[in-house]
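Asks: My questions concern the predicted model and sequence given below.
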Amino acid sequence: MGRIGNTLAVLAALAVWAAAPLAQAETLSDALIAAYRNSNLLDQNRALLRAADEDVASAMADVRPVVSFALQSTYRNAEVTNFFGQEFTTDSLNTAATLSWDLTLLDFGRDALAIEAAKETVLATREALVDVEQRVLIAAVQAYVQTRLSQEIVALRESNVRLITQELRAANDRFEVGEITRTDVALAESRLAAARSELAVAQGDLLVARESYKAATGAYPGNLSALPLLPEIPKTLDEAQSVALRSHPILRQAQHEVTVSDLNVARAEAEMRPSLSARALVGVQQGGVESESLTLSLNQTIYAGGKLSALYRRALAGRDASRAALHQTAVTVAQNVGNAWSSLLVSSASIVASDRQIVAAQTAFDGMREEAKVGARTTLDVLNTEQDLLTAQATKLTAEARRYFGVYVLMQALGLLTVGHLGLGIPTYDVSAYYNAVKGAPATSAQGRKLDRVLQAIGGGN
C-alpha cells in the first residue's frame, strides 16, 4: 500500500500540473520577476546595505558638536567638631544644572577619512547586492530550465512506455502464431517494467524540479511557456573576459575595498598626531549661582605601549591583503568566464552529435522493426535499438537545456545577469534612496518622518 500511495501522490501532483490552464502560461521573464520580488536573500542584503548607509551617518555625526545636559543633585551628611570640641551633624543638598558643548577642531583628517571610508564601504556593499541579485536570477533560470527539461523527459518516458507496450502486444501476437518464443515475450515484458521504472524516476525528478522552482520564485510552476530567445553574448572568449573585467560586481566591490584599506592606512597615520578640541559649559547651581567656561584642549599621545604602531602596521597588512584579493578576484572572474565559455562549446558539440545519433538511431530502429516482422531480427534487437533511440533523444534534450542555461551562466560570469540588463521592465530597488535620506545623520522629527516614508517606499520597514 505504501508504494501504491506514493505512486498515487506522484500522479496527483502531475495531474495538478497538467490541469493548469493555458491562459496562465508562465514565461521565463515571469519566473525571473517573481524571484526578484520574493527573494529573502535580496531582502537580507538590502538591509545590510542600509546598515552600511547608517555607518556614513555615524561617521558624519563625529564631526559635529556634541551638546549634552546634566542635572546633578548631591546630598551630604557630615559630623563636624568645632573649636570648642562640640560635635554636631550638618546636612546639605546642592543641585546644579550644566549645559556642555564639545567639538573637535583639528584631528588631522581622522574624521574626514572615516567618512570617506564609510562611503566606499557603501559602494562596495552595493556591488555585493548586485552579485546577490545575479545569484537569485541564475537560480530562477536554472529552476525554469530544469523544470521544462524534466517535463520533456517525462513526456519522452511516457512515449517510451507506450511504444514498448505496443511492442509487447506485437510480441504476444507473434508468440500466439509461433513466430517467436516465450523468451522474446519475457524480454519485452522486462523492458516494459524497466521503462515504467524509468518513468517513475523521471516523474520524481519533475517533482524535485518543481520544489526548486518554488524555492527560487516563491510558487510552484504552472504551464511553462517555451524558452525564449537567448540574450546576446560576446562573440569571442577574449571579448567576454574583457567585458567581465570591466563590469563584474565582485570585481568592483574588491576595488572599493582596496580604497577603504588605503583610507584606513591614512587614518592609522592620523591617529599618531595630536587633536585639538573645544568645550563650552554653562552651569547653574542652587541659589542661582551661574558659571560659564570655555576650554581648549590639545591632546597628544606620547606612549601607548606600541598600540598605535601596531594598528598602523595592521592597516598596512590589510591594504596588502585587499590588493592581493583584488588581483585574485580578477583571475577568478576571468577563469569563470573561460569555464562558462568552454561549457557552451561542449554543449553545442553535444547537440550536434546528438542530432546525428538520433538520425542514425531512428533509421536503425525503423529498419530493425521491419526486419523483425519477417523474422530476420529478434525482439531483443528491436528493443535494444529502441533504447538507443531513447537515449539519443534524452541526451539531446539535456544538451539543449545545458546550453540554454549555460548562456545565462556566462551572463552571470560577465556580471550582466541583472534585472536592468535583461530588460524585465519592473521597478528595481533604489540603492540610493535610503542613503540620501540618512547620509546627513538626521535627528529631527521632520527628517525622521521623511525617513519613515523612504523606508515604506523601499520596503525596508516591513
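Replies: Looks like it came in fine. Every value quoted in this text rests on a predicted model; they were computed, and no experiment measured them.

Asks: use CA for all of it now, contacts and neighbours both
Replies: Noted.

Asks: where does A443 land in three-state SS?
Replies: Look at A443: counting by DSSP: H, G, I helix; E, B strand; the rest coil, its state is coil.

Asks: That one: neighbour count?
Replies: Using other Cα atoms under 10 Å, A443 has 9 other residues around it.

Asks: how far away is it from D53?
Replies: According to Cα to Cα, to the nearest Å, A443 stands 15 Å off from D53.

Asks: Same check on L32?
Replies: From L32 across to D53, the span is 28 Å (Cα to Cα).

Asks: And for L389?
Replies: Distance from L389 to D53, by Cα to Cα: 59 Å.

Asks: pLDDT on the helix or strand harbouring V80, on average?
Replies: Element membership for V80, per DSSP states H and E: strand 66-81. Averaging pLDDT along strand 66-81 yields 84.

Asks: contact partners of it?
Replies: Defining contact as Cα atoms under 8 Å, 6 or more residues apart in numbering, one finds that strand 66-81 is touched by 87-103.

Asks: Can you flag the buried ones in those?
Replies: Buried members of the contacts of strand 66-81, counted by 16 or more other Cα atoms under 10 Å: A96, T98, S100, D102, L103.

Asks: tell me the contacts of L149?
Replies: L149 neighbours (Cα under 8 Å, 6+ apart): L397, T398, A401.

Asks: okay but N264 is in contact with A315, surely?
Replies: Yes: counting by Cα atoms under 8 Å, N264 does reach A315; the two are 6.1 Å apart.

Asks: could I have stretch 105-118 exported to PDB, CA atoms only?
Replies: Provided in PDB are the C-alpha atoms of stretch 105-118 (Å, rounded to 0.1, in the frame of the first residue of the first chain):
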ATOM      1  CA  LEU A 105      38.500  71.400  16.000                       C
ATOM      2  CA  LEU A 106      41.500  69.700  14.500                       C
ATOM      3  CA  ASP A 107      42.200  65.900  14.200                       C
ATOM      4  CA  PHE A 108      44.500  65.900  11.100                       C
ATOM      5  CA  GLY A 109      41.700  64.400   8.900                       C
ATOM      6  CA  ARG A 110      40.800  61.400  11.100                       C
ATOM      7  CA  ASP A 111      37.000  62.100  11.000                       C
ATOM      8  CA  ALA A 112      37.000  63.100   7.300                       C
ATOM      9  CA  LEU A 113      38.900  59.900   6.400                       C
ATOM     10  CA  ALA A 114      36.400  57.800   8.400                       C
ATOM     11  CA  ILE A 115      33.500  59.400   6.400                       C
ATOM     12  CA  GLU A 116      35.200  58.600   3.100                       C
ATOM     13  CA  ALA A 117      35.900  55.000   4.200                       C
ATOM     14  CA  ALA A 118      32.300  54.600   5.200                       C
END
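
Asks: Contacts for it next, please.
Replies: 52-53, 55-56, 59-60, 62-63, 259-260, 263-264, 266-267, 270-271, 273-278.

Asks: Only whichever of those are buried, select them in PyMOL.
Replies: Per 16+ other Cα under 10 Å, the buried members of the contacts of stretch 105-118 correspond to this PyMOL selection:
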select buried, resi 52+53+55+56+59+60+62+63+259+260+263+264+266+267+270+271+275+278
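
Asks: now stretch 154-162: mean pLDDT?
Replies: Here stretch 154-162 scores 92 as its mean pLDDT.

Asks: cool, stretch 430-443 as well?
Replies: On average, stretch 430-443 scores 89.

Asks: confidence score at the most centrally placed residue in the chain?
Replies: By Cα atoms, centre = their mean, the mean C-alpha position of the chain lies nearest to V132, the distance being 2.9 Å. If you check V132, the pLDDT there is 97.
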